[in-house]
Every structure is written in C-alpha cells, then in structure tokens.
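In: Sharing a model prediction with you, sequence too.
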Number of protein chains: 2
Amino acid sequence: MKKVRVAGFSLSLDGFGAGPEQSIDDPLGKRGKELFQWYLGTKTFRTMFGQEGGADGIDEQFAARAMDGFGAFILGRNMFGPIRGDWPDENWKGWWGDNPPYHAPTFVLTHYPRDPIVMAGGTTFHFVTGGIEAALDLARNAAGDRDVKIGGGVATVRQYLEAGAIDELHLAIAPVVLGRGEQLFAGLDLPSLGFRVTEHAASEFATHVVLAKDVMPSK
Amino acid sequence: MKKVRVAGFSLSLDGFGAGPEQSIDDPLGKRGKELFQWYLGTKTFRTMFGQEGGADGIDEQFAARAMDGFGAFILGRNMFGPIRGDWPDENWKGWWGDNPPYHAPTFVLTHYPRDPIVMAGGTTFHFVTGGIEAALDLARNAAGDRDVKIGGGVATVRQYLEAGAIDELHLAIAPVVLGRGEQLFAGLDLPSLGFRVTEHAASEFATHVVLAKDVMPSK
C-alpha cells in the first residue's frame, strides 16, 4: 500500500529542522548544515553527486531508505529556493543544479503560479497554488504504486502532519543544539495524531527514529 | 572547580521532561516513566533500592555520573511532591520513602515555609522561600568542594538555565514521543546561553548528550 512519508529529515536536539536566516548562501539557514553530518558521508549522498565511496553503516541504511521507493515529491516554497513573493523571472530552478536528486514529478507549494520546469534525470517541478491537499492529490496520482515523499521544509511537514496526511516519519536527530530556527514539534501532539516510535538506531552522527501510525493495537 | 550540574535528566524526542497530569500515582506525569527506561535497569538504580545486578553499559556510566560527586541538591516543589499551595501538615516527606537517594542537603523551592526534615541516610530537606538564587547560595555553601545538582523538574531547570547558573547538562533522550507535558527547550536558546554538545553516546534506551559551556574557543 502506498504511503506518504517524511524521510531523512534532520533535527537538532532542541527540535529545529533548519537554522534561522535562510539565504542563497545558507539554504538550510545558519548552522543548518550541522544537522546533516550523518548524511554527507554516506554512499547514497556521494553517489548522488557522482562521487565514489562513502559510509555504509546505519546512516547509509537510513539515507538509502530516505531516497528510495518514491514516485513523487512535495516541497515547500522555501525548500525550493530563497525567493519570496512573485517569481521575478524563470531563472531560479532549485538549489540542486540541472539534475536534481528527485528523478520524479516534484510538486512545489507556492502562492504564485509558474509553468512546470522539466529538468534532467526525470525531475519535473510543478508549481501548485491550490494548497496542500491539491498538491497531495496530484502527487498521489503521479506516484502510481510508489510512495509520496514530503520533502520539507519544517513548515510543510507540520502542515501535512496537522492534516493527518503523513503515514511515516523518519527523523535523524543530530547531537547539536541550534537555539533558533524552525521548530518541528512546537504545539504538535504526535501521539494524539496517532504516532509512536516504531524503530530507532544511533550512529556517531545521529539518532535515527521512525514514527508511524499504529497499525496494530499498541502495548 | 565545583560545578552546578543537571544530570540524568530524561527527555522525550519532542522535548518533554515529564508527562502531563502529575499526581500521587504518576509522579512523572502520564507516561513519564517511559522516559526513564534507560535508568531503571542500571546497576546504580538497582543498588539504590537494595537490588542486585543491573546493566553496566553506557546507561550505567551516565547513571553513575548522574548521582556521583554532588554535595547538595536543589529540587522544585513539584519534584518534591504532588501537594500545591500551603503545606496542610508535616506528613509529606517526598516520593522516596525514609531514605531518599540524595544523601546530602537538599533544598526544595517553595513559596510556603516549612521546617527542615532530617531523613535517613544523610538527606535533609530544607525549604527555601527566597527564590532560586537564595537556594543556589545555600546549596553552594552546603556542597563544600563538591558539585551542586539541579535535580528538576523541568520548570526549575529552565529557571536556572535562564539565570545562566548551570555549567553542565546531561540529557538522556528516550525514543518516545509524549506530545504533552513540560517542554524543556521551548523559547530557550541554548547556544546563546553558551552551551554546545561536548559528548554524546547512545544505548538501546536513550541517546545521552552532555552540554557544557565553552571553556575553549569553539571550532
């Protein structure tokens, strides 16, 4: 059965999924990169950028799962780029260069219409102005039998969580405190939304936890 | 040099240090006990209650450190008991029976004066109505060359953090989500308060992290 998943989503110990002050030089906000140390050394990440080698332990297992099995992606506007408001022109095509790591239809939430952009490697960016439910319907249709990934950022994940639309959430909690930024958990009651921890494993760089909705009665 | 430390302080993934609805039957609030699975099996915990055996891995190392080297303790009123407002009588003597695990002068923050209580095993409960700074002065004096432990709960730790009085913080982050309760991090900017992660290690039951103030320039 196809699922809506968040995966490979990094958080600080104090619950921030990105640092403050996102900009063209700091796509993840100030110090945001420190959250992704677990990911940067993995075989999955290195392969994505044409590099050899890389770690194949716990971090790699979760990295591979975080990019595997998805037929469509949904991204918030800020995850797609630093531009706010209306699109000034057609030049900005995401943070990822000509061949983004999605390789599937990717729906970008925005209030400002824009024509789709066909990228190399199978990624097409579609701009959805109809809200999160419209984007999810489009993504589900596009994904066929495969899962839909809510790629982030924090505000987008929070909206889909609150809407009850997410089946599974993999968080990688890095051993750093950020103090400022976008808080994932603030005001969210995950157990009331049906989630419990179903899996956890730690590496040197992160504690990985998977939260899923109960499919069996909990103990 | 003697320090003011928080140690063995358990948190859920979503940042709660205790569950909601503390009561005589739920000293840690609803589901609060799930935060302490890492602790309950340790040699340190079992010895404290006259039991043999117990685990001696990572959890035990942190459990031992969390009770060792302290010459005085500070507890919030709710950590001491479920009674709110004025003391109805002298009957309540803490959650821990005749021989509490402190074995040292222990200062309880309260707005309601009460005479000290001498317990078995070296613990004396002193009730401090002069606020957190007065309690810390008393505790420092009582501790001599040893450290002062801020024993909890969440509100008390937050007050001492905000006052800049804490040198080191050991948190044990359990792989559970609580959704409700007392949030340790909300509105606190630990890096701005001078903290960074200086140590981390994970067991099956918790990710242990130590936060300390920079004594050397950070990288």
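Out: Perfect, I can see it now. Residues are numbered from 1 along each chain as shown, chains lettered A, B, ... in the order given.
In: could you point out which element follows the helix-or-strand element of chain A with minimal mean pLDDT?
Out: One helix or strand of chain A scores below all others by mean pLDDT, DSSP states H and E: helix A:43-48, with a mean of 90. Downstream of helix A:43-48, the first helix or strand assigned by DSSP states H and E is helix A:58-67.
In: Name the residues that touch the next helix or strand after that next one?
Out: Going down the chain from helix A:58-67, the next helix or strand is strand A:70-75, by DSSP H and E. Contacts to strand A:70-75, defined as Cβ atoms under 8 Å, 6 or more residues apart in numbering or on different chains, come from residues A:2, A:5, A:102, A:104-109, A:132, A:135-136, A:138-140, A:142-152, A:156, A:160. Bear in mind the C-beta positions are built from the backbone N, C-alpha and C, glycine included.
In: try stretch A:25-45
Out: A:8, A:10-12, A:16-22, A:53-56, A:59-60, A:62-64, A:66-67, A:82, A:95, A:172, A:174, A:176, A:178, A:181-182, A:203, A:205-206, A:208.
In: which of the contacts of strand A:70-75 count as buried?
Out: A:5, A:102, A:104-109, A:132, A:135-136, A:138-140, A:142-143, A:147-152, A:156, A:160 (16 or more other Cβ atoms under 10 Å in any protein chain shown).
In: pretty sure A:V209 is touching A:L190, no?
Out: No - the criterion here is Cβ atoms under 8 Å, and A:V209 misses it with A:L190 at 11.0 Å.
In: before we move on, back to that, any idea how far the least confident helix or strand of chain A is from the chain center?
Out: From the chain centre to the centre of helix A:43-48 is a distance of 17 Å (Cα atoms, centre = their mean, to the nearest Å).
In: Stretch A:49-57 now?
Out: On Cα atoms, centre = their mean, the centre of stretch A:49-57 falls 20 Å from that of its chain.
In: What parts of chain A come near chain B?
Out: By Cβ under 8 Å from any Cβ of the partner chain, the residues of chain A that approach chain B are A:13-15, A:171, A:173, A:175-180, A:185-186, A:188-193, A:195-197, A:200, A:202, A:207, A:209, A:211.
In: Out of these, which sit inside strands?
Out: Counting by DSSP state E, the part of those found in strands is A:L171, A:I173, A:F195, A:R196, A:V197, A:H200, A:A202, A:T207, A:V209, A:L211.
In: Just give me the longest helix of chain A.
Out: helix A:132-143 (DSSP state H).
In: next helix or strand past it?
Out: From helix A:132-143, the next helix or strand downstream (DSSP H and E) is strand A:147-152.
In: Only the buried residues of the helix or strand just after that following strand, if you could.
Out: For strand A:147-152, the following helix or strand on the C-terminal side (DSSP H and E) is helix A:154-162. Across helix A:154-162, burial judged by 16+ other Cβ under 10 Å covers A:V154, A:A155, A:T156, A:V157, A:R158, A:Q159, A:Y160, A:L161.
In: Of these, just say which sits nearest to chain B.
Out: A:L161 (11.6 Å; Cβ to the nearest Cβ).
In: OK, contacts around that closest one?
Out: Here A:L161 is in contact with A:L169, A:L188, A:L190, A:L193 (Cβ under 8 Å, 6+ apart).
In: Contact partners for the last one?
Out: With contacts defined as Cβ under 8 Å, 6+ apart, A:L193 is in contact with A:L161, A:E162, A:G164, B:G179.
In: From the contact counts, what lies against the longest helix of chain A?
Out: Contacts defined by 3 or more Cβ pairs under 8 Å, 6 or more residues apart in numbering or on different chains; DSSP states H and E place helix A:132-143 against strand A:70-75, strand A:105-109, strand A:124-128, strand A:147-152, helix A:154-162.
In: Including mean pLDDT, could these go into CSV?
Out: What follows is the helices and strands packed on helix A:132-143, written out as CSV (pLDDT from 0 to 100):
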stretch, mean pLDDT
strand A:70-75, 98
strand A:105-109, 98
strand A:124-128, 98
strand A:147-152, 96
helix A:154-162, 96
